[in-house]
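**Q** Sharing a sequence plus its predicted fold:
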Amino acid sequence: MIDKIVATAAQALADVPDGATVMLGGFGTAGLPAELIAALLAQGAKDLTVINNNAGNGDTGLAALLAAGRVRKIVCSFPRQADSWHFDRLYRAGQIELELVPQGNLAERIRAAGAGIGGFFTPTGYGTELAKGKETRLIDGRWMVLESPLHADVALIKAERGDRWGNLTYRMTARNFGPIMAAAAKITVASVHEVVELGALDPEAIVTPGLFVQRVVKVERQRTAAGNVKAG
């Protein structure tokens with residue numbers, strides 16, 4: 001019997017090794033798998049390469065991993081925000097490596113990995129520092145830059161509902177990078193707020209098939225200080 005439900009986030013992430021490449025779903029805090037990141041922090045893996053939309057917010061989530069000195073390199077589109085002080089401090093001190101990737105390229109590089117594509121040409125970044133050292137080619141009268149796929153050892157994503165086979169649905173914009181990251185990683189760990197019986201998810205509504213998910217962890221929905229359910 002296939003059953004991908006894992007009792008705790010700690011158990012789901014116990015085997016993440018030092019030096020792993022980890023994708024983190026989320027656009028800012030929307031769809032951020034906060035409970036899984038907290039478990040990764042407690043687990044102790046270090047020298048990580050993190051692929052994420054940004055470089056952390058405030059003092060929690062990815063920012064906590066950065067503050068603990070656990071990330072060697074970050075691949076992202078938005079490394080500097082008003083509350084990205086941990087990344088800013090580390091980068092200025094030369095203690096973290098940054099690979100800056102335009103957001104469209106980031107999404108397509110992740111998608112390409114999941115689709116088994118060896119690379120793709122795009123006009124984005126041509127003529128800038130982002131194209132330095134990369135192959136360029138004139139295609140249909142327009143200069144293009146060759147971009148490589150982004151693979152990961154582990155993807156941590158957040159979904160809304162899931163079953164024991166690992167089929168997932170998402171809540172609105174919390175979906176963001178989750179589906180493509182699940183396909184691009186060797187092991188995908190998904191947190192869900194509800195575990196349902198097989199057949200309860202409409203096949204037409206399943207966004208991420210269980211084929212791309214190895215572990216599912218049920219987490220409680222976070223609430224704000226006022227007691228309201230936190231969106232995302």
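**A** Sure, I can see it. Numbering: from 1, shown residues only.
**Q** where do the helices sit along this structure?
**A** For the chain, the helices defined by DSSP state H cover 9-12, 34-43, 62-67, 85-92, 103-115, 178-184.
**Q** okay, those helices, which one's buried deepest?
**A** Of all the helices of the chain, helix 178-184 has the most neighbours on average by mean count of other C-beta atoms under 10 Å, namely a mean of 25. C-beta coordinates here come from the backbone N, C-alpha and C atoms, glycine included.
**Q** Can you list the neighbours in contact with that one?
**A** Residues from elsewhere that reach helix 178-184 (C-beta atoms under 8 Å, 6 or more residues apart in numbering): 23, 25, 31, 51, 107, 110-111, 113-115, 149-152, 155, 157-159, 168, 170, 188, 190, 207-208, 212-213.
**Q** got JSON lines for the helices of the chain, with mean pLDDT too?
**A** Output for the helices of the chain, formatted as JSON lines (pLDDT from 0 to 100):
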{"stretch": "helix 9-12", "mean pLDDT": "97"}
{"stretch": "helix 34-43", "mean pLDDT": "96"}
{"stretch": "helix 62-67", "mean pLDDT": "95"}
{"stretch": "helix 85-92", "mean pLDDT": "94"}
{"stretch": "helix 103-115", "mean pLDDT": "97"}
{"stretch": "helix 178-184", "mean pLDDT": "97"}
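**Q** Redo the ones you listed as a markdown table? Include distance to Val219.
**A** Below are the helices of the chain laid out as a markdown table (distance: least, C-beta to C-beta, whole Å):
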| stretch | distance to Val219 |
| --- | --- |
| helix 9-12 | 7 |
| helix 34-43 | 4 |
| helix 62-67 | 17 |
| helix 85-92 | 24 |
| helix 103-115 | 23 |
| helix 178-184 | 15 |
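**Q** so where's this structure uncertain?
**A** Within the chain, the ranges that satisfy pLDDT under 70 run 223-232.
**Q** Tell me who's in contact with Leu198.
**A** Residues in contact with Leu198 (C-beta under 8 Å, 6+ apart) are 163-165.
**Q** List phi and psi for it.
**A** phi -60, psi 130 (degrees, to the nearest 10).
**Q** Now, of the contacts of helix 178-184, which are buried?
**A** Buried members of the contacts of helix 178-184, counted by 16 or more other C-beta atoms under 10 Å: 23, 25, 31, 51, 107, 110-111, 113-114, 149-152, 155, 157-159, 168, 170, 188, 190, 208, 212-213.
**Q** Mind checking which of those land in strands?
**A** Secondary structure defined by DSSP state E assigns 23, 51, 152, 155, 157-158, 168, 188, 190 of the buried ones among the contacts of helix 178-184 to strands.
**Q** Export those residues to CSV and append columns for distance to Ala68.
**A** Formatted as CSV, those follow (distance: C-beta to C-beta, whole Å):
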residue, distance to Ala68
Met23, 19
Ile51, 18
Ala152, 20
Ala155, 21
Ile157, 21
Lys158, 21
Leu168, 29
Thr188, 23
Ala190, 24
